[in-house]
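Student: The amino acid sequence is not available; the structure is as follows:
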């Protein structure tokens, strides 16, 4: 929630019963009034495009020369946004505002005929009927009839104005604010005037995402995009209305996105539709899914259109959407149920808020045709990790992890392997970009602290101090936050939203409430989902911390190792200073970090950065945050004593482009020790717990492979693994590792590792256990390899 500096929180609305009659200012004298001196005065610049893949787009600096414009609450429409004033105007200001917004109509016209006559559609129709191309080839166009309504999707000004008015009134009753950065909007206005169509790309979180982006663009007088929604709409009248505001649904004969993509005519028809829309100068909005890679096929089709020369270029705009809390009814439903859920809460008082961040637009042609986006050096995950897992080899096979399942193999089958690799790199790049520009909300901060730092509970005053510290750390990492205001009120607001997932207790004698996460599966899962954005912000430090934990665990008979591991498995707290007299070799630490990088799901590591470079950055980040210190090396002679090494000099020619004065020096291996400040162990364990949920799910899934009666379809395999994760979570009370998302990611990682092998099954694929991992010994080796990074 966005709070003013002098705002006061209405406790009757926002506070849970345990916090009522406990004003935030009574949480102890240790709580400062303002969150941090930087908050409210320092706004990080987020969403800049990649300086390696798109330096020309970065150099344009769209919107950066404009002075800070602040934020605007989209759903708070008043008379200051219209030309009229008065008592009656205030009652109908929303209608007047909507009627005054710019609308760019887009009638369908003869678009259906142009799509029918496209080469792709004609070839698909001829191949299906096994008829040679000739004058009578259009006779097969009846096969295209299921796609007529999709192709005739248009943008009607009257329907668009009415729909946006209805959304403004409805969302204003559900959310207290929908914030948008006006500087980002100014950059979009400048980009739209340069001639290239805009393609908005966002991550799938809820059904509300498909409504938010068109609504925000409409209120800012920008062109409303055609939204490609991978959901089915069975309500005929609602489907017809939404198709008149630019929403492109699945065909009526397809129940899901996979069903539509297996149709041989769907991909040519949609590619032809995209071509016509881009030629008309229309904006597009597509979504991508980091778990399955779905949505990447739309980016591949857009790139194919540019490669063919139908349009010169398009500008891609990553969009980050941040929710305080996603309403439960909006997470797993279609658009038809979405409107029913919104109507059900229409008369409720608004509680949560959200923020929309538009990243800097960048040129798709620049990224894909200049060769800056490198896709060479990709190797299967089993080649990168299995030698170390099964045979303990220390010589790393360095390369980028290949993810051939992005997009899924049965999507866009016409692409050759090189084009598919480039489309995969583009999809991964946008998954990372959308996550990077997403703001961190107050509920995510509190949820991360409760799960990863205060699992056994914490007092509200101490939690306020941790929120202030974590906010500063995020701002220093150039991560924007979605709140500002006085610290106690921000924390109190976050606790009120997270109230169903927390247990808050207080006594009359003590004014400082005690807060502990609820031990139920639903509560832990909900908190875990909110912590993912914080984990993404600290991913370099988290990966390095897990590698340090793995090396400390390896120290045989060391009190440090025993103490560290016991703190996780038996729940012993670490208090005071701890003596870590262990020297960590840089080479081994980088090797452990590199191997852990390969186990991460997509979206965490920049795809344009090599895994080895990321591993080096992870080690350096631990030095920067004070967890590691460089070990001093005792020398027999000073470093500057050049003459004692003059015998071993090696000379190079002066025209050598790689000539350096330091070529005669052999690189020296550095080593590190853990620092001694009292916060070092707690910070180390806090970072390790960020990846514990993912690693534990992967370890349990490896154990659950023995329960698979293979071969079986992918969906059934995910269901079996998910059931096994739930059983293990009930045993160990570690519920953040048993979500459906964790099961899908674990199955995909095991497939990349070669534990599960894909086999064709009708129109889809099935999974079978590899003969190599039918041996229990190999499965145990993989479990031990993963569990070495696991803390708590």
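Tutor: Everything's here; your move. These numbers were taken from a predicted model, which means no experiment stands behind them.
Student: Please work out the average pLDDT along the helix or strand containing residue 170.
Tutor: Using DSSP states H and E, residue 170 sits in helix 157-174. On average, the pLDDT along helix 157-174 is 89.
Student: and it, what other elements does it pack with?
Tutor: With contacts taken as 3 or more CB pairs under 8 Å, 6 or more residues apart in numbering; DSSP states H and E, helix 157-174 sits against helix 93-100, helix 209-219, helix 236-243, helix 335-344. (C-beta placed from N, C-alpha, C; glycine too.)
Student: ok, now with 7 Å
Tutor: helix 93-100, helix 209-219 (3 or more CB pairs under 7 Å, 6 or more residues apart in numbering; DSSP states H and E).
Student: so where's the stretch 351-500 of the chain uncertain?
Tutor: Applying pLDDT under 70 to the stretch 351-500 of the chain flags the ranges 376, 394-397.
Student: for it, what spans make up the strands?
Tutor: Ranges of strands in the stretch 351-500 of the chain, per DSSP state E, counting those that start in this stretch, are 352-358, 362-363, 378-379, 400-401, 458-459.
Student: Distance to residue 73 added to those, as CSV?
Tutor: What follows is the strands of the stretch 351-500 of the chain, written out as CSV (distance: least, CB to CB, whole Å):
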stretch, distance to residue 73
strand 352-358, 9
strand 362-363, 28
strand 378-379, 44
strand 400-401, 42
strand 458-459, 32
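Student: Looking at the ones you listed, which is nearest to residue 433?
Tutor: When these are compared by CB to CB, strand 362-363 sits nearest residue 433, at 8.7 Å.
Student: neighbouring contacts of the closest one?
Tutor: Strand 362-363 is contacted from outside by 49, 54, 56, 57, 313, 315, 316, using CB atoms under 7 Å, 6 or more residues apart in numbering.
Student: correct me, but the last one touches residue 197?
Tutor: No - taking CB atoms under 7 Å as the definition, residue 316 is not a contact partner of residue 197, at 10.2 Å.
Student: Can you pick out the residue with more neighbours from these two?
Tutor: Neighbour comparison, residue 316 and residue 197: the larger count goes to residue 316, with 27 against 21 (by other CB atoms under 10 Å).
Student: Can you tell me how far the more buried one is from residue 384?
Tutor: 29 Å (CB to CB, to the nearest Å).
Student: Strands of the stretch 101-250 of the chain, residue ranges please.
Tutor: So, for the stretch 101-250 of the chain - with DSSP E, counting those that start in this stretch - the strands run 175-181, 198-203, 226-228, 247-248.
Student: out of these, which comes closest to residue 377?
Tutor: Ranking these by proximity to residue 377 (CB to CB) places strand 198-203 first, at 25.1 Å.
Student: For the closest one, which outside residues touch it?
Tutor: In contact with strand 198-203 (CB under 7 Å, 6+ apart) are residues 191-192, 209, 213, 225, 283-288, 290, 302, 314-319, 321, 361, 430-431, 434-435.
Student: now swap in stretch 239-257 and tell me
Tutor: When contacts are defined by CB under 7 Å, 6+ apart, stretch 239-257 is touched by residues 146-147, 149-150, 153-156, 159-160, 163, 214, 224-233, 260, 294.
Student: ok, back up a step: least reliable of the strands of the stretch 101-250 of the chain by average pLDDT, please.
Tutor: strand 175-181 (a mean of 90).
Student: can you state the direction angle for it and helix 209-219?
Tutor: When axes from the mean of the first three to the mean of the last three CA atoms, to 10 degrees is applied, the directions of strand 175-181 and helix 209-219 differ by 60 degrees.
Student: Strand 175-181: partners in the sheet, and parallel or antiparallel?
Tutor: Paired with strand 175-181 in the same sheet, following DSSP bridges, are strand 71-73 (antiparallel), strand 352-358 (parallel).
Student: Tabulate the ones you listed (a markdown table), appending mean neighbour count and distance to residue 468.
Tutor: Listed next are those as a markdown table, based on neighbours: other CB atoms under 10 Å; distance: least, CB to CB, whole Å:
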| stretch | mean neighbour count | distance to residue 468 |
| --- | --- | --- |
| strand 71-73 | 17 | 21 |
| strand 352-358 | 24 | 20 |
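Student: Distance to residue 112 added to those strands, as TSV?
Tutor: Shown next, in TSV, are the strands paired with strand 175-181 (distance: least, CB to CB, whole Å):
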stretch	distance to residue 112
strand 71-73	39
strand 352-358	32
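Student: Go ahead and confirm residue 97 touches residue 84.
Tutor: No - Residue 97 lies out of contact with residue 84 (CB under 7 Å); the separation is 10.3 Å.
Student: Look at the two and report which has more neighbours.
Tutor: Each of residue 97 and residue 84 has its neighbours counted (other CB under 10 Å); residue 97 has more, 18 against 12.
Student: still on that earlier bit, would you mind telling me which of the strands of the stretch 101-250 of the chain is nearest residue 413?
Tutor: With CB to CB as the measure, strand 226-228 is the member of those nearest residue 413 (19.0 Å).
Student: mind checking how far residue 700 is from residue 787?
Tutor: 10 Å.
Student: of the two, who's got more company?
Tutor: Set residue 700 next to residue 787 and count neighbours by other CB under 10 Å: residue 700 wins out with 25 against 16.
Student: pretty sure the more buried one is touching residue 727, no?
Tutor: No - taking contacts as CB under 7 Å, residue 700 lies outside contact range of residue 727: 8.9 Å.
Student: Find residues that contact each of those two.
Tutor: Listed contacts common to residue 700 and residue 727 are nil; contacts here mean CB under 7 Å, 6+ apart.
Student: returning to what we had before: closest one to residue 606 among the strands of the stretch 101-250 of the chain?
Tutor: Nearest to residue 606, of all these, is strand 198-203, at 15.9 Å by CB to CB.
Student: and the nearest residue to residue 70 once chain neighbours are set aside, what does it touch?
Tutor: Nearest in space to residue 70, with sequence neighbours left out and distances taken as CB to CB, 6 or more residues apart in numbering, is residue 182 at 6.0 Å. Residue 182 makes contact with 69, 70, 71, 72, according to CB under 7 Å, 6+ apart.
Student: Could you tell me the phi and psi values at residue 760?
Tutor: As for residue 760, its main-chain torsions (degrees, to the nearest 10) stand at phi -70, psi 140.
Student: tell me, how many neighbours does it end up with?
Tutor: Residues lying near residue 760 (other CB under 10 Å) number 10.
Student: now do residue 588
Tutor: Using other CB under 10 Å, residue 588 is surrounded by 16 other residues.
Student: Could you check how far residue 518 is from residue 694?
Tutor: From residue 518 across to residue 694, the span is 22 Å (CB to CB).
Student: of the two, who's got more company?
Tutor: Between residue 518 and residue 694, counting by other CB under 10 Å, residue 694 is the more crowded of the two (26 against 17).
Student: Pull the residues that contact stretch 427-440.
Tutor: Applying CB under 7 Å, 6+ apart, the contact partners of stretch 427-440 are 46-47, 53, 201-203, 288, 290, 293, 296, 299, 316, 318-322, 355, 357, 359, 406-407, 474, 479-482, 533-534, 536-537, 602-603, 606-608.
Student: which residue packs closest to residue 55, ignoring adjacent ones?
Tutor: Among residues not flanking residue 55 along the chain, residue 372 sits closest, at 7.7 Å (CB to CB, 6+ apart).
Student: Can you give the domain ranges for this structure?
Tutor: 11-46+439-536, 55-105+157-369, 693-787 (automatic domain parsing).
Student: Can you pull out the low-pLDDT segments for the stretch 551-700 of the chain?
Tutor: 556-581, 632-669, 676-680.
Student: Swap in 50 and give it another go.
Tutor: Along the stretch 551-700 of the chain, the parts satisfying pLDDT under 50 run over 556-578, 637-666.
Student: For residue 414, which non-adjacent residue is closest in space?
Tutor: Spatial nearest neighbour of residue 414, chain neighbours left out: residue 267 (7.1 Å); criterion: CB to CB, 6+ apart.
Student: Let me fix that, I meant to ask about residue 280.
Tutor: Using CB to CB, 6+ apart and skipping the chain neighbours, the partner closest in space to residue 280 is residue 106 (6.8 Å).
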